[in-house]
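[1] pasted the sequence and its predicted model underneath.
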Amino acid sequence: MDLIIKNGTIINAKESYTADIAVKDGKIACIGTGLDMKADQVVDAKGMLVLPGGIDVHTHLAMPFGGTVSADSYLAGTRAAACGGVTTVFDYPIQRKGRGIVETVKERMAMCDPEACVDYAFHCCITDLNEGAILDEFQSAVDYGVTSFKCFLVYKKEGLMVDDGSLVKILLKAKEVGAMTNIHAENPDLIDMYVAQFKAEGKLSAWYHYMSRPEFVEAEADKRAVHWAKSVDGSLYIVHMADKEGLEAALEAKRQGYNIYIETCPQYLEFTSDVYKREDGRNFVCSPPIKGQESQDALWEAIRLGGIDTVATDHCPFQSFEKDWGKDDFTKIPNGCAGIENLYPYMLSAANQGKISFNRAVELCAENPAKLFGCAEKGSLTVGKDADIVIYDPKKDFTISVENMHSDYDHTIWEGKKVKGYPVKTFVRGTLVYADGEFTGKPGFGKYVKRIPKK
Ligand code: URP
Ligand code: ZN
Ligand code: ZN
């Protein structure tokens, strides 16, 4: 064997037990008690939890956005992922007018592949149907391993928005090829209306980012997307769900048996819209904005009861000088925050403190992402799967600071956050990429994950 991890408590979504894990050629070769085999490397995990690597299905690395490019390159973002126990990241390339899906993805892959420190996959954002040619390309995209397409119902002026007719066409075509339609739900007309009003009134602090996109602005678009998905029986995945009313509509559709899936992000679980009143409120500006306490409570309730399917980060950090562009005008703040290194520790800490079970944290951050997005080799500690493994010390206290993160950004909304328990080792396909605070991997080691459509 190449590696044996001994005496740890294995946590999968539906089971926890003490056993040893043996790894050969990057795969989990055997799981059992008292494994007595020769191995090149033996790790004693007594007192530790042994978890499947996290899968962050929502990141924007080196993304041109808001008049700049997000601060983490593929190298920095995936290095940080490794150090936070995330072994696969999904990025969101954006198809531009007149361009194809596979060419868009290949262009980003050429950037990502030499830099990736963990495994990676792509959803593709569709911004233009190219008179139907894009729909004709869906099958080729799926054959290439891209089995999910994202529609922005916002960012109209930025040229990213998809109208309702196009959304329905995408839902239908995606169903035909076994793909998922991901949606960013907010109402652009209401946002534009409020932005114009607040500008005219000279209301330009970060608080008015939230006030121009409050709960009901997100809820309308959530409900509209759910309505179309129900109408054509499509598979809909709502990204970064942040509001109670939209959440309830999506949960109701799920209860009715529709293929509606819900993602939320740690920033919506930890903070409330009050952060936008802070002096550094601009650093928290993301879209949809962080909502009020009622929404946060509803999100946690849905996490506990099983209605939310995944937690991912929407990692899209910008440097302080870029956030400062909007010091006196919230419309100039690039939208997005950091989180890739905090996802798994945050959700596991919630488990460690009894808010949810460790199994549920693993389900939200590893098993469900793998199942929903067709990563057949990933998501659980099972014989035959990739040996993407995190060793987690439940007793280790950790305070998040920009100083102990492994990204390229210069500030984090998570500064000072204390978590209970922390990853101490991360293996990607059996190779150690993080140990005790240090990145030990290599850029270019990460491999493209070719995904399998639902059929
Ligand atoms: O503010 C955000 N979320 N920035 C990234 C782009 C997006 O909308 O997901
Ligand atoms: Zn979004
Ligand atoms: Zn996003």
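    Yep, it's here. Ligands and ions are numbered 1, 2, ... in the order given.

[2] contacts, neighbours, all on C-alpha from now
    Will do.

[3] the stretch 201-350 of the chain against ligand 1: which residues are in contact?
    Taking C-alpha under 6 Å from any ligand atom as the contact definition, the stretch 201-350 of the chain meets ligand 1 at 286-287, 314, 316, 335-336.

[4] who wins for neighbours among those?
    For those, counting by other C-alpha atoms under 10 Å, the largest number of neighbours falls to D314: 28 neighbours.

[5] roughly how far does the residue of the stretch 151-300 of the chain found nearest ligand 1 sit from K150?
    Ligand 1 sits closest to C286 of the stretch 151-300 of the chain, with a gap of 3.3 Å, by C-alpha to the nearest ligand atom. Distance from C286 to K150, counting by C-alpha to C-alpha, to the nearest Å: 18 Å.

[6] check Y74 too.
    Here the distance between Y74 and K150 works out to 20 Å (C-alpha to C-alpha).

[7] same check, this time on H60
    Using C-alpha to C-alpha, which is the criterion applied here, H60 is 13 Å from K150.

[8] local confidence estimate at G54?
    At G54, the pLDDT value in this model is 99.

[9] what residues are bridge-paired with it?
    With beta bridges defined as DSSP bridges, G54 has these partners: V86.

[10] that one contacts A366, doesn't it?
    Yes: here G54 reaches A366: they are 4.8 Å apart, a contact under C-alpha atoms under 8 Å.

[11] which neighbours do these two have in common?
    Common contacts of G54 and A366 (C-alpha atoms under 8 Å, 6 or more residues apart in numbering): G379.

[12] show me which of the two is the more surrounded one.
    More neighbours surround G54 than the other of G54 and A366, with 34 against 30 (other C-alpha under 10 Å).

[13] for that one, give its distance to ligand 1.
    20 Å (C-alpha to the nearest ligand atom, to the nearest Å).

[14] OK, contacts around that residue?
    For G54, the contacting residues are 85-88, 344, 362, 365-366, 379, taking C-alpha under 8 Å, 6+ apart as the criterion.

[15] do M63 as well
    By C-alpha under 8 Å, 6+ apart, the contact list for M63 reads 69-70, 93, 316.

[16] how about a cut-off of 7 Å?
    When contacts are counted by C-alpha atoms under 7 Å, 6 or more residues apart in numbering, M63 touches 69-70.

[17] just give me the neighbour total for the residue of the stretch 351-455 of the chain found nearest ligand 1.
    Closest approach of the stretch 351-455 of the chain to ligand 1 (C-alpha to the nearest ligand atom) occurs at I413, with a separation of 13.1 Å. If you count neighbours by other C-alpha under 10 Å, I413 ends up with 21.

[18] please identify the helix or strand for it.
    Per DSSP states H and E, I413 falls between elements, in no helix or strand.

[19] I figured it hits V285, correct?
    No: counting by C-alpha atoms under 7 Å, I413 stays clear of V285, with 9.9 Å between them.

[20] hmm, back to that, possible to save the contacts of G54 as JSON lines with pLDDT?
    Rendered in JSON lines, the data for the contacts of G54 read as follows (pLDDT from 0 to 100):
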{"residue": "G85", "pLDDT": "99"}
{"residue": "V86", "pLDDT": "99"}
{"residue": "T87", "pLDDT": "99"}
{"residue": "T88", "pLDDT": "99"}
{"residue": "Y344", "pLDDT": "99"}
{"residue": "V362", "pLDDT": "99"}
{"residue": "C365", "pLDDT": "99"}
{"residue": "A366", "pLDDT": "99"}
{"residue": "G379", "pLDDT": "98"}
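
[21] okay if I get these as a markdown table plus distance to G446?
    As requested, the contacts of G54 are arranged in a markdown table below (distance: C-alpha to C-alpha, whole Å):
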| residue | distance to G446 |
| --- | --- |
| G85 | 14 |
| V86 | 12 |
| T87 | 9 |
| T88 | 8 |
| Y344 | 19 |
| V362 | 21 |
| C365 | 19 |
| A366 | 17 |
| G379 | 16 |
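
[22] quick one, phi/psi of I238?
    The phi and psi torsions at I238 (degrees, to the nearest 10) take the values phi -90, psi 120.

[23] for Y346, what are its contacts?
    Contact partners of Y346, counting by C-alpha under 7 Å, 6+ apart, are V419.

[24] and the host helix or strand of it, how far out from the chain's middle?
    In this structure, Y346 sits in helix 343-352 according to DSSP H and E. Here the centre of mass of C-alpha atoms in helix 343-352, compared against the chain's by C-alpha atoms, centre = their mean, to the nearest Å, lies 15 Å away.

[25] quick one: which of the contacts of G54 is nearest L135?
    Closest approach to L135 among the contacts of G54 (C-alpha to C-alpha): T88, at 27.4 Å.

[26] from Y237, how far off is the closest one?
    From T88 over to Y237 (counting by C-alpha to C-alpha), the distance is 19 Å.

[27] more crowded one of the two?
    The neighbour comparison of T88 against Y237 (other C-alpha under 10 Å) goes to T88, with 31 against 27.

[28] show me where this structure has its helices.
    In the chain, the helices defined using DSSP state H lie at 74-83, 101-112, 133-143, 164-177, 188-200, 207-212, 215-232, 244-255, 266-270, 293-305, 320-323, 343-352, 358-362, 368-372.

[29] go through these and pick out the most buried.
    helix 74-83 (a mean of 29; mean count of other C-alpha atoms under 10 Å).

[30] so which elements touch that one?
    Counting by 3 or more C-alpha pairs under 7 Å, 6 or more residues apart in numbering; DSSP states H and E, the packing neighbours recorded for helix 74-83 are strand 431-435.

[31] got the angle between the strand it packs on and helix 74-83?
    Strand 431-435 and helix 74-83 are oriented at 80 degrees to each other (axes from the mean of the first three to the mean of the last three C-alpha atoms, to 10 degrees).

[32] list of residues touching strand 431-435?
    82-83, 424-427, 439-441.

[33] note down every partner strand of it and its orientation.
    Partners of strand 431-435 in its sheet, by DSSP bridges: strand 418-428 (antiparallel), strand 438-439 (antiparallel).

[34] looking at these, which is buried most?
    Looking across the strands paired with strand 431-435 with neighbours counted as mean count of other C-alpha under 10 Å, the highest average goes to strand 418-428: a mean of 24.

[35] fine, thanks again, bye for now.
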